[in-house]
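> sharing a model that was predicted from the sequence below.
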Amino acid sequence: MNKRVLVCGAGELYQSAADMGGAGYVFTGEHDAAIMRNSALINLNVVQFRTARRVPKFFYSSPARIYPAQNQTVRRLLMKL
């Protein structure tokens with residue numbers, strides 16, 4: 001989905017978007033390249049937008065979910081199914 005956002009005279013830009021999925025999608029290893037590519041494209045497009053619009057302040061917050069180590073095991077994932 002493509003969205004265009006018009007910003008006139010904005011002084012700040014906040015970036016918190018990423019390509020994310022649930023643990024069953026992310027932890028399979030099958031989608032790693034697509035997740036990294038899509039997240040990189042989102043970040044590059046936001047930086048390009050900021051540069052083109054000369055927005056003076058930019059805040060990037062990593063949107064990655066942080067799971068405790070004990071929740072990242074296959075056994076733990078299977079228990080939730």
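In hand now; what should we look at?

> how many neighbours does Ala52 have?
Ala52: 8 surrounding residues under other Cβ atoms under 10 Å. Where C-beta positions appear, they are placed from N, C-alpha and C, glycine not excepted.

> er, Arg50 I mean
Look at Arg50: counted by other Cβ under 10 Å, it has 19 neighbours.

> show the model's pLDDT score for it.
On the pLDDT scale, Arg50 is placed at 86.

> again with Pro68
Pro68 is assigned 65 on the pLDDT scale.

> quick check: buried residues in the helix or strand that contains Gly24?
Gly24 belongs to helix 23-26 when assigned by DSSP states H and E. Neighbour counts over helix 23-26 (16 or more other Cβ atoms under 10 Å) mark Val26 as buried.

> look up how far Thr28 lies from the nearest residue to Ile42 once chain neighbours are set aside.
Leaving aside its chain neighbours, Ile42 sits nearest to Ala17 (5.2 Å; criterion: Cβ to Cβ, 6 or more residues apart in numbering). The gap separating Ala17 from Thr28 is 22 Å, by Cβ to Cβ, to the nearest Å.

> which residue ranges of this structure form strands?
For the chain, the strands defined by DSSP state E cover 12-15, 57-60.

> coming back round to it: mean confidence for the helix holding Gly24?
Model confidence over helix 23-26, given as mean pLDDT, is 82.

> in this protein, which spans are helices?
For the chain, the helices defined by DSSP state H occupy 23-26, 32-53, 74-79.

> closest to Leu41 out of the strands of the chain?
Shortest distance between Leu41 and those, using Cβ to Cβ, is found for strand 12-15: 12.6 Å.

> would you mind listing the buried residues in that closest one?
Buried residues in strand 12-15, counted by 16+ other Cβ under 10 Å: 13, 15.

> dump the C-alpha coordinates for that strand into PDB.
Provided in PDB are the C-alpha atoms of strand 12-15 (Å, rounded to 0.1, in the frame of the first residue of the first chain):
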ATOM      1  CA  GLU A  12       9.600  17.600  13.000                       C
ATOM      2  CA  LEU A  13       9.400  14.200  11.400                       C
ATOM      3  CA  TYR A  14       8.900  11.000  13.500                       C
ATOM      4  CA  GLN A  15       9.800   7.600  12.000                       C
END
